[in-house]
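A.B. asks: compute the structure for the input listed below.
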Amino acid sequence: MVSLPSLKNFKMIRFGNHVKPLVVIGAPNLEELHLQEFGKLELMGSSPLTCLHSAYIDIGEHQSSDLAGVLNRISNAKKMFLSGNTLRRLSVADNVQLPVFPKLTHLTIGIWGSSYTLFSLLNSASKLQYLVIDMVSPHVHLLVGMVEWLVLQHLPTPECLLSSLEEVEIKHLVVAEDTKKLLHSLWEEVQMEGVHISWGKCNSQGKCTCLVKMQ
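C.D. replies: Numbering: from 1, shown residues only. I've put the predicted structure just below:
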C-alpha cells in the first residue's frame, strides 16, 4: 500500500506473463492514469478522482482487477482510452454498472464485438465530442450489425449523438465494395442527418481510416 497525495501522473505496465502483483495506491490528486496489462490494482477510496484529466485502461485477458471500481474512480476524466480487451471484459462481466462520465469529451475505444457496452458508454457520456473507434475486429459489418441489433431492441439514441458529438474516427477498417453504403445506413439507423463521411488512403492490408463529421 502506497500513499502519494501529491502524485499527478501514474503509469503501470505488465510486469511479466506470470506475475500478478497487487498494488494499492492512494493518489487523490492524480491528473493522468495509464494502466496497461497490469496485475491487480486497487485505487484507495471510492469517490471519483476529482483532478483526473486523462485515463488509459488496457486490462489483460486474465486479470482480476476490480474493473467496476476502476471505472468509477476514473469517471471524472475528460479523455479516456478503453482497449478492446477492456470492452470485452465489460461485456461479459456480471453486475457491472457503468458510472456516468460527466466531463468526458474524448473517448477512444477498441471494438471487439461488444455492441451493448459501446452504446452503454455513449449513454453515460452526454458531453462527448470526439469518438475514436479502433476496429480490433476490422469489418464494418460488425459495427453495422451492432447498430441494427440495438435498433431492434428499440433502445433510444444516446444523447451525445444528437447534441454534442462533433467527430467520429474509425480506424483500421477493412474497405469492401459495400462499406460506404453500410456506413451511411448506420447513421440513418441512429437517426442522424447532415453527416459528412470521408476516407483516408488504405494501407497494404486494405485497411483505412474513416472520418465522420457532424455538420
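
A.B. asks: for this structure, give me the ranges with low pLDDT.
C.D. replies: Applying pLDDT under 70 to the chain flags the ranges 1-2, 14-25, 38-46, 60-65, 94-95, 112-116, 137-155, 175-194, 215.

A.B. asks: in this protein, which spans are strands?
C.D. replies: If you assign secondary structure with DSSP state E, the strands in the chain sit at 2-3, 9-13, 22-26, 32-36, 40-43, 54-58, 79-82, 106-111, 130-135, 167-174, 195-199, 207-214.

A.B. asks: using CSV, lay out those strands together with distance to Pro158 and mean neighbour count.
C.D. replies: For every residue, glycine as well, the C-beta is placed using N, CA and C. Output for those, formatted as CSV (distance: least, CB to CB, whole Å; neighbours: other CB atoms under 10 Å):
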stretch, distance to Pro158, mean neighbour count
strand 2-3, 38, 10
strand 9-13, 30, 13
strand 22-26, 33, 14
strand 32-36, 25, 19
strand 40-43, 27, 18
strand 54-58, 20, 20
strand 79-82, 16, 21
strand 106-111, 12, 21
strand 130-135, 10, 19
strand 167-174, 12, 18
strand 195-199, 15, 13
strand 207-214, 13, 17
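
A.B. asks: a markdown table for those strands, including distance to Pro156?
C.D. replies: Output for the strands of the chain, formatted as a markdown table (distance: least, CB to CB, whole Å):
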| stretch | distance to Pro156 |
| --- | --- |
| strand 2-3 | 43 |
| strand 9-13 | 37 |
| strand 22-26 | 38 |
| strand 32-36 | 31 |
| strand 40-43 | 32 |
| strand 54-58 | 27 |
| strand 79-82 | 22 |
| strand 106-111 | 19 |
| strand 130-135 | 18 |
| strand 167-174 | 19 |
| strand 195-199 | 19 |
| strand 207-214 | 18 |
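
A.B. asks: closest to Asp66 out of these?
C.D. replies: strand 40-43 (6.7 Å; CB to CB).

A.B. asks: and for Thr50, the neighbour number?
C.D. replies: 9 (other CB atoms under 10 Å).

A.B. asks: all set now, cheers.
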